[in-house]
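K.L.:
sequence unknown, structure follows:
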């Protein structure tokens with residue numbers, strides 16, 4: 001059930017604490033996959049949440065759940081356009097940037113590390129991850145931290161608490177729609 005994936009992997013985005021989250025979803029057919037995506041978009045868009053498929057591979061889809069307003073703000077931050085241009089991004093509306101991101105996924109195992117920008121990670125941490133090939137971080141949680149460790153640790157705890165609360169409420173009968181904060 002796709003709702004379980006949303007609660008497990010996307011609670012901070014549903015709660016409007018985070019720009020976006022990802023999860024891998026196994027599906028039987030393209031028709032089934034896109035029916036789920038369309039249904040989620042219909043149910044969540046009025047609350048400011050959108051859902052897109054970033055990559056499909058062998059009946060597995062990487063699902064991107066995001067808040068467009070927050071993504072636009074992240075894309076507009078100082079240094080982000082220059083950083084993304086290096087990877088071939090030319091347009092910086094949410095739709096344009098997501099379209100380029102979708103093309104940046106290669107064969108199985110290839111992953112565009114600039115995706116951290118699309119997930120709301122700090123630019124310095126995304127650059128640090130790329131420059132250090134994922135090593136030498138100060139700490140890790142939702143992402144590997146290279147800059148502001150104290151702030152990241154605080155956010156990680158907030159995201160973990162959110163996920164815990166959302167899982168409890170979902171299992172008590174709250175719907176995804178009821179748990180999604182409107183902004």
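P.N.:
Great, that's in hand. If you're wondering where the values come from, they're calculated on a predicted model, not measured in any experiment.
K.L.:
packing partners of the longest helix anywhere in the chain?
P.N.:
Longest helix in the chain by number of residues (criterion: DSSP state H): helix 149-171. With contacts taken as 3 or more C-beta pairs under 8 Å, 6 or more residues apart in numbering; DSSP states H and E, helix 149-171 sits against helix 2-14, strand 139-140, helix 176-179. Yep, even glycine has a C-beta here, placed from its N, CA and C like the rest.
K.L.:
okay, and residue 61 sits in which element?
P.N.:
strand 60-67 (DSSP states H and E).
K.L.:
going by neighbour count, list what's buried in that strand.
P.N.:
Buried residues in strand 60-67, counted by 16 or more other C-beta atoms under 10 Å: 61, 62, 63, 64, 65, 66, 67.
K.L.:
what about the longest helix of the chain, distance to the chain center?
P.N.:
Its chain's C-alpha centre and that of helix 149-171 lie 15 Å apart, by C-alpha atoms, centre = their mean, to the nearest Å.
K.L.:
rebuild the buried residues of strand 60-67 as CSV, extending it with pLDDT and distance to residue 162.
P.N.:
Output for the buried residues of strand 60-67, formatted as CSV (pLDDT from 0 to 100; distance: C-beta to C-beta, whole Å):
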residue, pLDDT, distance to residue 162
61, 96, 24
62, 96, 22
63, 98, 19
64, 98, 19
65, 98, 14
66, 98, 16
67, 98, 14
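K.L.:
and which of those is nearest residue 132?
P.N.:
Nearest to residue 132 among those: residue 62, at 23.8 Å, using C-beta to C-beta.
K.L.:
that closest one contacts residue 51, doesn't it?
P.N.:
No: judged on C-beta atoms under 8 Å, residue 62 makes no contact with residue 51 at a distance of 11.6 Å.
K.L.:
show me what contacts residue 128?
P.N.:
137, 144, 145, 146, 147 (C-beta atoms under 8 Å, 6 or more residues apart in numbering).
K.L.:
swap that for residue 14, sorry
P.N.:
Residue 14 sits next to 6, 7, 49, 65, 166, 176, 179, 180, 181 when contact means C-beta under 8 Å, 6+ apart.
K.L.:
the third one: what's it in contact with?
P.N.:
Taking C-beta under 8 Å, 6+ apart, we find residue 49 in contact with 13, 14, 65, 66, 67, 180.
K.L.:
which of these sit farthest apart?
P.N.:
66 and 180 (12.5 Å).
K.L.:
for the most centrally placed residue in the chain, what are its contacts?
P.N.:
Centroid-nearest residue in the chain, with C-alpha atoms, centre = their mean: residue 21, separated by 2.5 Å. Residue 21 makes contacts with 9, 10, 12, 13, 65, 66, 119, as judged by C-beta under 8 Å, 6+ apart.
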